[in-house]
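A.B. asks: Only the shape, not the letters, is given here:
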């Protein structure tokens with residue numbers, strides 16, 4: 001028998017050996033840095049898994065990233081690794097009776113989380129549906145573009161990472177690059193991700209996105225307040241996703257996710273599921289709640305509801 005820490009470390013080491021074995025066989029040759037790559041690139045490539053790093057090693061990694069990003073974007077960049085707040089488990093509510101499909105949440109998320117402008121990556125997608133048919137995704141429109149919203153006879157359903165309690169995406173990762181934290185947020189170690197996209201195939205919500213090309217992030221639009229497991233600039237060839245703006249929500253006092261703050265009609269609600277007096281708990285217990293693809297037993301912490 002082994003304790004949890006030793007077992008976890010052993011698992012990380014085994015996953016690393018599998019990847020290196022693939023590289024040796026030529027399968028992962030393209031993933032290796034170029035022979036003339038800088039020392040920092042090689043350091044990042046052989047970096048330990050986030051959960052293996054001790055405090056000194058973590059501070060060294062954060063300092064290296066801050067130096068690299070500050071040089072690349074021409075401004076002081078802060079990379080945090082703020083842990084979950086004890087006793088907090090986050091949940092999100094979205095009022096389908098209020099959402100007007102304006103997509104302000106989409107673009108606030110892009111700006112806050114340093115998402116690529118070209119090729120565009122959106123962690124939130126908004127579907128337009130017919131009121132008469134209800135939540136019938138076969139007839140949902142993703143690229144709707146009426147003269148103004150909301151369009152007559154339509155309603156809108158934003159979809160993003162559901163932060164599942166039983167996430168299928170984390171179970172298929174061959175190198176354990178993604179996992180759920182104690183506050184319920186499913187995170188990714190972008191330095192550990194090998195870009196196999198198994199998690200994308202496993203996610204039933206289409207909430208994970210692959211970086212096919214080098215992200216275009218204008219220097220003057222780069223958000224310098226970042227989190228290692230959240231909105232720091234991502235390298236090419238990794239999968240990224242919503243983290244409930246971990247760089248905001250884990251601070252004390254914390255801030256709401258950018259999408260919640262920007263909503264002009266108050267359709268989005270965010271809070272601590274463990275707090276019986278929180279707004280999110282009240283909504284879940286007193287409103288008509290709809291859980292997306294509930295039959296899959298992924299146990300999302302993202303709740304759709306009807307306030308009216």
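C.D. replies: In hand now; what should we look at? Treat the numbers as computed from the prediction; the structure is a model and nothing was measured. Numbers count the residues shown, from 1 in each chain.

A.B. asks: residue ranges of the strands in the stretch 201-308 of the chain, please?
C.D. replies: 209-210, 225-227, 239-240, 268-272, 288-290, 302-306 (DSSP state E, counting those that start in this stretch).

A.B. asks: can you put the ones you listed in JSON lines and add distance to residue 197?
C.D. replies: Any C-beta I mention is one placed from the backbone N, CA and C, and that applies to glycine too. JSON lines is the format used below for the strands of the stretch 201-308 of the chain (distance: least, Cβ to Cβ, whole Å):
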{"stretch": "strand 209-210", "distance to residue 197": "6"}
{"stretch": "strand 225-227", "distance to residue 197": "23"}
{"stretch": "strand 239-240", "distance to residue 197": "6"}
{"stretch": "strand 268-272", "distance to residue 197": "29"}
{"stretch": "strand 288-290", "distance to residue 197": "29"}
{"stretch": "strand 302-306", "distance to residue 197": "22"}
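
A.B. asks: and those, which is most packed in?
C.D. replies: Greatest average neighbour count among these goes to strand 239-240 (a mean of 24), per mean count of other Cβ atoms under 10 Å.

A.B. asks: related to what we said a few turns ago, if we compare the strands of the stretch 201-308 of the chain, which one ends up closest to residue 185?
C.D. replies: strand 225-227 (10.3 Å; Cβ to Cβ).

A.B. asks: So in that sheet, which strands flank that closest one, and in what orientation?
C.D. replies: Using DSSP bridges, strand 225-227 pairs in its sheet with strand 78-80 (parallel).

A.B. asks: In a markdown table, list the strands of the stretch 201-308 of the chain along with distance to residue 143 and mean pLDDT.
C.D. replies: Shown next, in a markdown table, are the strands of the stretch 201-308 of the chain (distance: least, Cβ to Cβ, whole Å; pLDDT from 0 to 100):
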| stretch | distance to residue 143 | mean pLDDT |
| --- | --- | --- |
| strand 209-210 | 17 | 97 |
| strand 225-227 | 30 | 98 |
| strand 239-240 | 21 | 98 |
| strand 268-272 | 22 | 97 |
| strand 288-290 | 24 | 94 |
| strand 302-306 | 21 | 97 |
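
A.B. asks: need the contact list for the nearest residue to residue 101 once chain neighbours are set aside.
C.D. replies: Leaving aside its sequence neighbours, residue 101 sits nearest to residue 156 (Cβ to Cβ, 6 or more residues apart in numbering; 3.4 Å). Listed by Cβ atoms under 8 Å, 6 or more residues apart in numbering, the contact set of residue 156 reads 96, 99-101, 126-129, 149-150.

A.B. asks: Just give me the closest of those to residue 168.
C.D. replies: residue 127 (21.3 Å).

A.B. asks: Quick check: phi and psi on the residue nearest to residue 101?
C.D. replies: Torsion angles at residue 156 (phi, psi; degrees, to the nearest 10) stand at phi -130, psi 140.

A.B. asks: OK, contacts around the spatially closest residue to residue 168 that is not a sequence neighbour?
C.D. replies: Excluding its sequence neighbours, the residue lying closest to residue 168 (Cβ to Cβ, 6+ apart) is residue 202, at 4.4 Å. Counting by Cβ under 8 Å, 6+ apart, residue 202 touches 168-169, 171-172.

A.B. asks: Please list only the buried members of the residues you listed.
C.D. replies: Neighbour counting by 16 or more other Cβ atoms under 10 Å classes 169, 172 among the contacts of residue 202 as buried.

A.B. asks: if you skip the residues just before and after it, what's nearest to residue 262?
C.D. replies: Here the residue nearest residue 262, using Cβ to Cβ, 6+ apart, is residue 108, at 3.9 Å.

A.B. asks: That neighbour should be in a strand, yeah?
C.D. replies: No. Using DSSP: H, G, I helix; E, B strand; the rest coil, the assignment for residue 108 is helix, not a strand.

A.B. asks: tally of neighbours for the nearest residue to residue 228 once chain neighbours are set aside?
C.D. replies: In space, not counting the residues next to it along the chain, residue 228 is nearest to residue 81; the distance is 4.6 Å by Cβ to Cβ, 6+ apart. For residue 81, the count of nearby residues is 17 (other Cβ atoms under 10 Å).
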